[in-house]
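**Student:** Below: sequence and its predicted model.
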Amino acid sequence: MIRLIRRNAWVAGLCVLFILLAVTTKLIQPDYGAGDFGSLMRAVLPYAFAVAAQTVVVIAGGIDLSVAAMMAVTSVTAAAMMNGASESHALFVVPFVLALGLCLGALNGFLIVWTRVPDIVVTLSTLFVFQGVALLILDAPGGGAAEWLKGLVVGTVPIPFLPESVTAWIPKALIVLVICLAVVWIPLRRSQLGLSIYAIGSSELAAFRSGVSVARTKIAAYAIGGLFAAMGGLSLTLSTGIGAPIPGPYLLASVAAVVLGGVALGGGKGGLLGPIIAVIVLRLVRTDLTLLAVDPNATTIIEGLIMVIVVMLGAFLAMRGRTR
């Protein structure tokens, strides 16, 4: 047990930080309860998927500035397709939107490999392209979502052998997040592709000499990032009931959570659990500032400063790692 904690010291530290923040939240707002936690998890959902998308790409040694824009495209696509349609129509919309996200991510990867232009330049360019596409699909927030899909992220999960006081703290949004991430991440982490993603993040040259197809692996990493972004876009539509054509504040939040979660910006190191806990911590910080009645503008400034500091620290550690 001690060896396991030492091996995952960073994640354990984040868990302790989360517990301390949870206690602080309870002290600030004594009647903070299960319903409030459920609302927090619904708010966290799109951020968590954005973080997952960024994590895979960063582990592969890249960065994706178009994550939020891909979420906008998939969100409005889902909302437009489900608007006024039957409930069963959503069964076809969900896989289509997930495939769309996969293709958008793969397009990023293909352009980076084919043009050999730095990923930060390519994804900055596709960010504007995807923003325009999202506004062409819906020029203002609108559309709709199937009721049964919205029900997937609202409420709690009833578990027969657990008392209601316990199940009240198990929101559906948390279960959806865990299942979606586990279905993709666990098989990927244990597969040859997963090992290749870590390998090219550590050293593309060493990976190439070991027989890894760097180009195909990079495209696959960005494609998986696009898949997670599509999940984020869908969760945004399900949470609000409409599509959002303007990208939200998910890009900087995703990078900050990736760094805070222990993933090296240089690539090749880290996992998914740390960044997910980190994004919950960051959202809980915002909740505490709101409960303290801090001015919303000041809250935004404080949140931005935290993210900038975390990202700068991550960049500094990445540079130190390269000079050694």
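**Tutor:** Nice, I can see it.

**Student:** and T290, how many neighbours does it have?
**Tutor:** When neighbours are counted by other C-beta atoms under 10 Å, T290 registers 13. Using the backbone N, CA and C atoms, a C-beta is placed for each residue, glycine as well.

**Student:** show me the contacts for it.
**Tutor:** Neighbouring residues of T290 by C-beta atoms under 8 Å, 6 or more residues apart in numbering: P296, T299.

**Student:** please redo it, this time with the cut-off set to 7 Å
**Tutor:** T299 (C-beta atoms under 7 Å, 6 or more residues apart in numbering).

**Student:** Doesn't it lie inside a helix?
**Tutor:** Yes: read with DSSP: H, G, I helix; E, B strand; the rest coil, T290 is one of the residues of a helix.

**Student:** Distance check, it against P296.
**Tutor:** Using C-beta to C-beta, to the nearest Å, one obtains 8 Å as the distance from T290 to P296.

**Student:** Name the residues of stretch 9-17 that come out as buried.
**Tutor:** Using 16 or more other C-beta atoms under 10 Å as the test for burial, stretch 9-17 gives W10, V11, L14, C15, L17.

**Student:** Listing request: residues of the stretch 101-250 of the chain with sub-threshold pLDDT.
**Tutor:** Applying pLDDT under 70 to the stretch 101-250 of the chain picks out residues 162.

**Student:** one more time with 90, if that's ok
**Tutor:** 139-172, 190, 202-205, 208-212, 238-250 (pLDDT under 90).

**Student:** quick one, helices of it?
**Tutor:** Applying DSSP state H, counting those that start in this stretch to the stretch 101-250 of the chain gives helices spanning 119-137, 147-150, 164-167, 172-189, 192-202, 204-209, 214-240, 250-260.

**Student:** can you tell me which of those comes nearest to G266?
**Tutor:** Each of the helices of the stretch 101-250 of the chain has some distance to G266 by C-beta to C-beta; the shortest is helix 192-202, at 7.6 Å.

**Student:** can you give me the angle the closest one makes with helix 214-240?
**Tutor:** Interaxial angle of helix 192-202 relative to helix 214-240 (axes from the mean of the first three to the mean of the last three C-alpha atoms, to 10 degrees): 100 degrees.

**Student:** can you pull the buried residues of helix 192-202?
**Tutor:** By neighbour count with 16+ other C-beta under 10 Å, helix 192-202 contains the buried residues L193, G194, S196, I197, Y198, A199, I200, G201, S202.

**Student:** Tell me the one among these nearest to V73.
**Tutor:** Lowest distance from V73 to those (C-beta to C-beta) belongs to I197, with 23.9 Å.

**Student:** any idea how far that closest one is from A223?
**Tutor:** Distance check for I197 against A223: by C-beta to C-beta, it reads 11 Å.

**Student:** likewise G109?
**Tutor:** Distance from G109 to A223, by C-beta to C-beta: 6 Å.

**Student:** So if I had to pick from the two, which one is more boxed in?
**Tutor:** A direct count of neighbours by other C-beta under 10 Å for G109 and A223 places G109 higher, at 28 against 20.

**Student:** right, and the more buried one touches A215 too?
**Tutor:** No: applying C-beta atoms under 7 Å as the test, G109 and A215 come out as separate, 8.6 Å apart.

**Student:** Now do the contacts for V122.
**Tutor:** Counting by C-beta under 7 Å, 6+ apart, V122 touches N108, L111, I112, T115.

**Student:** before we move on, the earlier item: nearest to A50, of the buried residues of helix 192-202?
**Tutor:** Looking across the buried residues of helix 192-202 and measuring by C-beta to C-beta, the closest to A50 is I197, at 18.4 Å.

**Student:** Quick check, L292 in contact with L27.
**Tutor:** No: taking contacts as C-beta under 7 Å, L292 lies outside contact range of L27: 10.9 Å.

**Student:** what's around G266, how many residues?
**Tutor:** By other C-beta under 10 Å, 18 other residues sit near G266.

**Student:** what about it, distance to G109?
**Tutor:** In terms of C-beta to C-beta, G266 sits 19 Å off from G109.
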